[in-house]
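**Student:** below is the structure, and that's it, no one-letter string:
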Ligand SMILES: NC(=O)c1ccc[n+]([C@@H]2O[C@H](COP(=O)([O-])OP(=O)(O)OC[C@H]3O[C@@H](n4cnc5c(N)ncnc54)[C@H](O)[C@@H]3O)[C@@H](O)[C@H]2O)c1
Ligand SMILES: O=C(O)C[C@H](O)C(=O)O
């Protein structure tokens, strides 16, 4: 068998962790022929619960799972890691915005970024799920000067999938007929799900829906879906978040011609260089690249700029907290 790929999952005993680990171990993250070594990072109080999940993973006898290690030490957890899923962080409660979690969660990501810098494998790929995901990814990236910045990403794939599903329901088409969906900006209520480049049946989606629906229903439904889930479930999204994390890494590694991911900006589309913002991306040879050359209409420009402004405010807030 090939050498196993080491996948480190933080917050392994949490609700996303529980929905994620079994799918990684069964081959959905990297492919049905890629053996996986799992490394679970938890805080000391939750190590026992992570051990319980590991017992269940053992009991599945997954052919691709070559081993599981569990630790509360980031230096051990990230040692030799090829893929790191940074999930461990507090979820928001009803009435909070994700940005309200910055001071509670920001402190987690500096030490983890440094541990990745010092111990991870040369090909490390990092996906930050813990909220506020974009800015936590920025914190981690800034603590890892030896790792190429492009390896730090944050998750907007859940927003992308939500947008696909809402549009498919509206137009009564299968999600597979929708091409070129894009989420711009922050994984927050300012995000901009863009239907002006999305195509359904080869035609622009924005031209197939009423402009009021696009503005007053579609955008807010997608952008506030996380809060609606918390309201309905009494807990933040877990299985759909785990599914999106699988999609993000799977496509990053195996390639895609178009999806959404929050990656370090190179200044494209007027998004200031260095912040981690969602773009339309393709993946090729294990690298994301921003899809270039899209025309941005004034309606879209205003919304992209608003979300980017929020990212700049979050960056300045973590600067003043001494986190970057
Ligand atoms: N980007 C997205 O689309 C998206 C979607 C859903 C949830 N989230 C976020 O993901 C995070 C996790 O959500 P959840 O529902 O699994 O929460 P949860 O509370 O069920 O689990 C979080 C786990 O993280 C662990 N943890 C806390 N600090 C840690 C640290 N320093 N190192 C390792 N583990 C640590 C906790 O012990 C806990 O087991 C939250 O911040 C949530 O808001 C993001
Ligand atoms: O909304 C949240 O706080 C959880 C997560 O980010 C989501 O989008 O479901």
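**Tutor:** Now that the structure is in, tell me what you want to look at. On a predicted model such as this, the values are computed, not experimentally measured, just so you know. Ligands and ions are numbered 1, 2, ... in the order given.
**Student:** now do the helices in the protein.
**Tutor:** Assigned by DSSP state H, the helices in the chain fall at 15-25, 47-60, 74-77, 102-119, 133-142, 157-171, 211-212, 219-223, 225-233, 239-254, 298-320.
**Student:** just the ones you listed: most buried one?
**Tutor:** helix 133-142 (a mean of 28; mean count of other CB atoms under 10 Å). To be clear about C-beta, it is placed using only N, CA and C from the backbone, and glycine gets the same treatment.
**Student:** my guess is residue 239 contacts residue 22, does it?
**Tutor:** No: applying CB atoms under 8 Å, one finds residue 239 not in contact with residue 22, separated by 10.8 Å.
**Student:** where does the residue in the stretch 51-200 of the chain that ligand 1 sits nearest to land on pLDDT?
**Tutor:** Nearest residue of the stretch 51-200 of the chain to ligand 1 (CB to the nearest ligand atom) works out as residue 88 at 2.6 Å. Note on residue 88: pLDDT of 98.
**Student:** repeat for residue 256
**Tutor:** pLDDT, read off for residue 256, is 98.
**Student:** can you tell me, leaving aside adjacent residues, what's nearest to it?
**Tutor:** residue 283 (5.0 Å; CB to CB, 6 or more residues apart in numbering).
**Student:** any regions of this protein where pLDDT drops low?
**Tutor:** 1 (pLDDT under 70).
**Student:** spell out which residues of it are next to ligand 2.
**Tutor:** Proximity of the chain to ligand 2, by CB under 6 Å from any ligand atom, involves residues 91, 92, 98, 131, 158, 226, 227, 229, 236, 237, 241.
**Student:** now do the same contact list for whatever residue of the stretch 1-150 of the chain ends up closest to ligand 2.
**Tutor:** The minimum distance from the stretch 1-150 of the chain to ligand 2, using CB to the nearest ligand atom, falls at residue 92 (4.2 Å). Neighbouring residues of residue 92 by CB atoms under 8 Å, 6 or more residues apart in numbering: 98, 100, 101, 131, 226, 230, 236.
**Student:** neighbours of the third one, just the number please.
**Tutor:** Yep, that's residue 101 we're talking about. Neighbourhood size, residue 101 [other CB atoms under 10 Å]: 21.
**Student:** count residues in the vicinity of the nearest residue to it once chain neighbours are set aside, would you?
**Tutor:** For residue 101, ignoring the flanking residues on the chain, the nearest one in space by CB to CB, 6+ apart is residue 131 at 5.2 Å. Residue neighbour count, defined by other CB under 10 Å, stands at 27 for residue 131.
**Student:** in this structure residue 131 contacts residue 89, no?
**Tutor:** Yes: applying CB under 8 Å as the test, residue 131 and residue 89 come out as touching, 6.3 Å apart.
**Student:** what's the overlap in contacts for those two?
**Tutor:** By CB under 8 Å, 6+ apart, residue 131 and residue 89 have these common neighbours: 101, 105.
**Student:** re earlier: what about the residue nearest to residue 256, neighbour count?
**Tutor:** Residues near residue 283, counting by other CB under 10 Å: 20.
**Student:** surely it meets residue 250?
**Tutor:** No: the criterion here is CB under 8 Å, and residue 283 misses it with residue 250 at 9.6 Å.
**Student:** what does the protein have sitting close to ligand 1?
**Tutor:** With CB under 6 Å from any ligand atom as the criterion, the chain meets ligand 1 at residues 10-11, 13-17, 41-43, 46, 87-92, 108, 129-131, 133, 155, 158, 187, 236-238, 241.
**Student:** find the nearest non-adjacent residue to residue 206, please.
**Tutor:** Going by CB to CB, 6+ apart, residue 206 has residue 195 as its nearest residue, at 4.2 Å.
**Student:** quick one, phi psi at the one you found?
**Tutor:** Main-chain dihedrals, residue 195, degrees, to the nearest 10: phi -100, psi 0.
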